[in-house]
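A.B. asks: Next come a sequence and a model predicted from it.
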Amino acid sequence: MVKRVDLEPGNPNELLKDLRQCRWNTEVITVKCRKKSVARQAGRDRRVDLVSYPFTRNWKQNYLDRQQAGLMRDSGCGYLIDLSELITDDPYYLRKNIEYLKRNKDNAEKKDLPVVASSCARTVWGMRDPQGLAALLSLLDVDQDHALDMISNTPNGLVARNREKLKDEYIQPNVWVIEE
């Protein structure tokens, strides 16, 4: 089991307050960025593990651009693809979502960000097996091996890294307390 919290702050100060409260008792922190200012703050903060950009009406102003991807790379943050946005019966909305997620994924991969794909299911009916998630990722031009890596290996590495950080011996990256 992994403890994960999804934050959806309205402004950067609210994000900082939420991060102070939940970092030391949560293994994975995901921030849903609906504003560019929140995205910039999340990209700079080392306490944030994954950043996602929900599809909104102002999607042309709030997406994962190259500058944001550079900030996220420097802080060790990854990009989360919410595959629940691809499960819709509206063809226009589906086409825009595919275009939006593909652009974000391409920008993340250009900057060598870790990309994680999740069903982000809100109900039991939204759950998908790894092969089903890989099939949805094929809509974003991701081959099956890379898709399965986004679904299993990348998140497992993220959780293992964060569990090491939560130990008492951890001080900062590459600095540990060694007792004799």
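C.D. replies: On my side now, so go ahead.
A.B. asks: Per-residue pLDDT of D129, please?
C.D. replies: Listed pLDDT for D129 reads 90.
A.B. asks: Neighbours of it, how many?
C.D. replies: Look at D129: counted by other CB atoms under 10 Å, it has 10 neighbours. No exception for glycine: its C-beta is placed from N, CA and C like everyone else's.
A.B. asks: Distance-wise, check it relative to S119.
C.D. replies: Distance check for D129 against S119: by CB to CB, to the nearest Å, it reads 9 Å.
A.B. asks: before we move on, what about L133?
C.D. replies: Shown here: L133 relative to S119, a distance of 6 Å by CB to CB.
A.B. asks: Quick check: which element contains K105?
C.D. replies: Using DSSP states H and E, K105 falls within helix 91-110.
A.B. asks: Buried ones in that helix, by neighbour count?
C.D. replies: Judged by neighbour count using 16 or more other CB atoms under 10 Å, the buried positions of helix 91-110 are 97, 100-101, 104-105, 107-108.
A.B. asks: next SSE after that helix?
C.D. replies: Immediately after helix 91-110, counting by DSSP H and E, sits strand 115-118.
A.B. asks: Could you tell me the angle between the helix or strand following that following strand and helix 91-110?
C.D. replies: Once the chain leaves strand 115-118, the next helix or strand it forms, by DSSP H and E, is helix 130-137. Counting by axes from the mean of the first three to the mean of the last three CA atoms, to 10 degrees, helix 130-137 lies at 100 degrees to helix 91-110.
A.B. asks: pretty sure D6 belongs to a strand, no?
C.D. replies: Yes: per DSSP: H, G, I helix; E, B strand; the rest coil, D6 lies within a strand segment.
A.B. asks: how close does it get to G70?
C.D. replies: Noted for D6: a distance of 24 Å to G70, by CB to CB.
A.B. asks: for L80, which residues make a bridge with it?
C.D. replies: Beta-bridge pairing for L80 (DSSP bridges): V116.
A.B. asks: While we're on it, how confident is the model there?
C.D. replies: Here, the pLDDT recorded for L80 equals 96.
A.B. asks: Now do it against S52, distance only.
C.D. replies: For L80, the distance to S52 - CB to CB - is 4 Å.
A.B. asks: Are there residues contacting both of L133 and S119? Which ones?
C.D. replies: Counting by CB atoms under 8 Å, 6 or more residues apart in numbering, the shared contacts of L133 and S119 are L83.
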